[in-house]
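> here's my sequence, what's the structure:
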Amino acid sequence: MTKRETRMAVAVAILAELLLAPVPALPQCCGDCNGDGRVTVDEILAAADAALGLQCRAQSGGARFPSTGQTTCSDADGNLIDCGGTGHDGAIRAGATLVYVDNGDGTISDLNTHLMWEKKSADGSIHDWSNVYTWEDAFRTFIAGLNAAGGFAGHTDWRLPNVKELQSIINYQNVAPAVSAPFTTNCAPGCTVETCSCTQSFFYWSSSSIQVSPGGVWLVDFALGTVGNFDETDRNYARAVRGGA
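This is a model prediction of the structure:
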């Protein structure tokens with residue numbers, strides 16, 4: 001049996017369990033992964049992948065705090081070293097392994113936090129990765145535009161992420177951009193959210209303001225994964241999220 005056939009067989013078995021198991025059920029790793037009340041084919045395949053060896057949360061356990069993604073260690077000069085006995089993040093790897101599902105509709109689901117993220121494109125649309133906004137316009141123009149009419153990807157509850165949510169998709173093993181592959185794949189001029197995924201190596205707005213600095217807002221830099229602050233009148237990138245309530 002090929003790897004693909006094995007994956008599909010496991011997916012069918014999981015689907016059967018989802019349909020036949022009494023309530024409360026779903027002891028498997030993933031059913032309704034993104035918490036939207038539906039079990040999609042992609043989520044079933046994600047469960048199959050998990051059953052075949054990927055780490056993922058137990059459904060009954062709720063959201064898990066994600067790891068940083070870091071898997072290597074270095075010395076004071078920046079040289080890679082053996083992680084054994086260092087106590088470095090790359091050795092401990094605390095937190096849940098970063099696991100994402102591309103839903104095929106322009107969104108990405110984080111299987112740890114249960115958040116659903118908007119993908120960015122390079123097609124001149126509202127999703128274009130080159131669009132920049134003031135902080136207020138990120139709410140009034142970008143987010144309002146996503147939620148208008150029937151919404152985006154069938155949802156009308158898109159919002160700006162808070163600063164901790166935005167940090168959660170940083171992968172500190174990578175730089176420029178400091179994200180996992182689902183957030184930076186096949187990005188090329190003209191690509192859409194269905195065919196690519198783009199991330200700028202610069203600051204993205206969060207919805208979190210700085211309490212001791214009127215007009216100041218927290219942002220996350222996707223070049224290195226640092227957190228910074230700008231005035232709300234500056235122009236920066238934005239990525240939408242939903243879920244997590």
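> Thr72: what's it in contact with?
80, 83, 90, 173 (Cβ atoms under 8 Å, 6 or more residues apart in numbering). Where you see a C-beta, it was placed from the backbone N, CA and C, and this is true even at glycine.
> secondary structure element for the third one?
By that I understand Gly90. helix 89-92 (DSSP states H and E).
> so for that helix, mean pLDDT?
Mean pLDDT, computed over helix 89-92, is 94.
> please report how far the closest residue to Asp123 other than its chain neighbours lies from Ala96.
In this structure, Asp123 finds its nearest non-sequential neighbour in Thr192, 5.1 Å apart by Cβ to Cβ, 6 or more residues apart in numbering. Distance from Thr192 to Ala96, counting by Cβ to Cβ, to the nearest Å: 30 Å.
> list the contacts of the residue nearest to Asp123.
106, 121, 123, 125, 127 are the contacts of Thr192 under Cβ under 8 Å, 6+ apart.
> for these, pick the one with the most neighbours.
Ser121 (24 neighbours; other Cβ atoms under 10 Å).
> returning to what we had before: I'd like the contacts of Thr192 laid out as a markdown table, including secondary structure and distance to Asn229.
Formatted as a markdown table, those follow (DSSP: H, G, I helix; E, B strand; the rest coil; distance: Cβ to Cβ, whole Å):
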| residue | secondary structure | distance to Asn229 |
| --- | --- | --- |
| Gly106 | coil | 30 |
| Ser121 | strand | 28 |
| Asp123 | coil | 31 |
| Ser125 | coil | 29 |
| His127 | coil | 26 |
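> widest-spaced pair of the residues you listed?
Farthest-apart pair in the contacts of Thr192 is Gly106 and Asp123; separation 11.0 Å (Cβ to Cβ).
> which parts of the chain are strands?
73-74, 80-81, 100-102, 107-110, 116-118, 203-209, 216-221, 227-231, 241-242 (DSSP state E).
> can you put those strands in TSV and add mean pLDDT and mean neighbour count?
Formatted as TSV, these follow (pLDDT from 0 to 100; neighbours: other Cβ atoms under 10 Å):
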stretch	mean pLDDT	mean neighbour count
strand 73-74	95	16
strand 80-81	96	12
strand 100-102	96	21
strand 107-110	97	24
strand 116-118	98	26
strand 203-209	97	21
strand 216-221	97	21
strand 227-231	96	15
strand 241-242	98	24
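> can you give the domain ranges for the protein?
1-62, 121-245 (automatic domain parsing).
> any idea which of these scores lowest on pLDDT?
domain 1-62 (a mean of 51).
> picking that back up, which of the strands of the chain sits closest to Asp137?
strand 203-209 (9.7 Å).
> between the closest one and strand 216-221, how many degrees?
If you take axes from the mean of the first three to the mean of the last three Cα atoms, to 10 degrees, strand 203-209 sits at 140 degrees to strand 216-221.
> got the angle for strand 203-209 vs strand 227-231?
80 degrees.
> what count of nearby residues applies to Asn112?
Neighbour tally, Asn112, other Cβ under 10 Å: 22.
> contact partners for the nearest residue to Val227 once chain neighbours are set aside?
Excluding its sequence neighbours, the residue lying closest to Val227 (Cβ to Cβ, 6+ apart) is Val220, at 5.7 Å. Residues in contact with Val220 (Cβ under 8 Å, 6+ apart) are 163, 166-167, 170, 203-204, 206, 226-228.
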